[in-house]
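Asks: Predicted model and sequence below, questions to follow.
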Amino acid sequence: MSSETETYSVLKSDREKGLKLMFEQYAKKLLAYSTHNWQVDEDAAWDLIYKTMYKVADVIQEYEFVSEQKFASFIFKIYINYLRNHLRDSKTASQGIVEVELNENIVHNYSPATKPQASNPALSLLQQELDKLEDWQRILLLMRGQDIAYSEIAKYVNKTEDQLKVYYGRLKKQLAERINAQLITTSI
């Protein structure tokens, strides 16, 4: 490889081309590493990959690399740091928090006009929080809850698959935080 085709050189000279090249070369490797070796959820892994790629692009001007191999090690090191932080945060967050699972009846029969009546307070909170979401957000959450592929969901919500992966992780986290906060305040 000449220095012009080295990923780090391209990234330094043209951020967008460099990000694309870096993504093509390293994203699948990082995804495979985190899902197979660390059993990280695919959505979380994609979030970490994007975070890593943009972090590298932000700081690339501060570093010099002698080879593509050294650059790959740099990316991997940043990714591992984000991965460890994620695992630590996930472990901390899961302690003392009640998870609310989606009921299949709600997933299949849900519409804001005809809400199923829930006797479970956590389910009622879930219904209230789903009502607050935009239609495309509700569709994303409910379809991913049924393990429907992002490519299929993208047809319904006019967003790209990559965007949906990020939005799904964020929505899931926001929904869980809101419900847990309400469950905690009502139980006190």
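Replies: Perfect, thanks for sending it. Numbering: from 1, shown residues only.
Asks: Moving along the chain from the helix or strand of the chain with the lowest mean pLDDT, name the first helix or strand you hit.
Replies: One helix or strand of the chain scores below all others by mean pLDDT, DSSP states H and E: helix 104-109, with a mean of 45. Moving toward the C-terminus from helix 104-109, the next helix or strand (DSSP states H and E) is helix 121-132.
Asks: Average pLDDT for that following helix, rounded please.
Replies: For helix 121-132, mean pLDDT rounds to 79.
Asks: what's the offset of it from the middle of its chain?
Replies: 22 Å (CA atoms, centre = their mean, to the nearest Å).
Asks: And stretch 65-83, by the same measure?
Replies: 21 Å.
Asks: residue ranges for the helices of the chain, please.
Replies: Secondary structure of the chain (DSSP state H): helices at 7-13, 15-32, 42-59, 68-94, 104-109, 121-132, 135-144, 150-157, 161-187.
Asks: Output those in a markdown table, with mean neighbour count appended to each entry.
Replies: Bear in mind the C-beta positions are built from the backbone N, C-alpha and C, glycine included. Formatted as a markdown table, those follow (neighbours: other CB atoms under 10 Å):
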| stretch | mean neighbour count |
| --- | --- |
| helix 7-13 | 19 |
| helix 15-32 | 16 |
| helix 42-59 | 18 |
| helix 68-94 | 14 |
| helix 104-109 | 12 |
| helix 121-132 | 16 |
| helix 135-144 | 18 |
| helix 150-157 | 15 |
| helix 161-187 | 15 |
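Asks: Any idea which of these has the lowest pLDDT on average?
Replies: Among those, helix 104-109 carries the lowest mean pLDDT (a mean of 45).
Asks: Nearest residue to residue 50 in space, ignoring adjacent ones along the chain?
Replies: Leaving out its chain neighbours, the residue that sits closest to residue 50 by CB to CB, 6 or more residues apart in numbering is residue 166, at 6.6 Å.
Asks: and for stretch 46-66, what are the contacting residues?
Replies: Stretch 46-66 is touched from outside by 6, 8, 11-12, 15, 18-19, 22-23, 26-27, 30-31, 34, 40, 71, 74-75, 78-79, 82-83, 86, 162, 165-166, 169, with contacts defined as CB atoms under 8 Å, 6 or more residues apart in numbering.
Asks: repeat that for 6 Å
Replies: 8, 11-12, 15, 19, 22-23, 27, 30, 71, 75, 78-79, 82-83, 86, 165, 169 (CB atoms under 6 Å, 6 or more residues apart in numbering).
Asks: Stretch 78-86 too?
Replies: In contact with stretch 78-86 (CB under 6 Å, 6+ apart) are residues 30, 34, 48, 51-52, 55.
Asks: Repeat that for stretch 150-169.
Replies: The set of residues external to stretch 150-169 that reach it, using CB under 6 Å, 6+ apart, is 43, 46-47, 136, 139-140, 143-144.
Asks: If anything else comes up later, I'll come back, but that's it for now.
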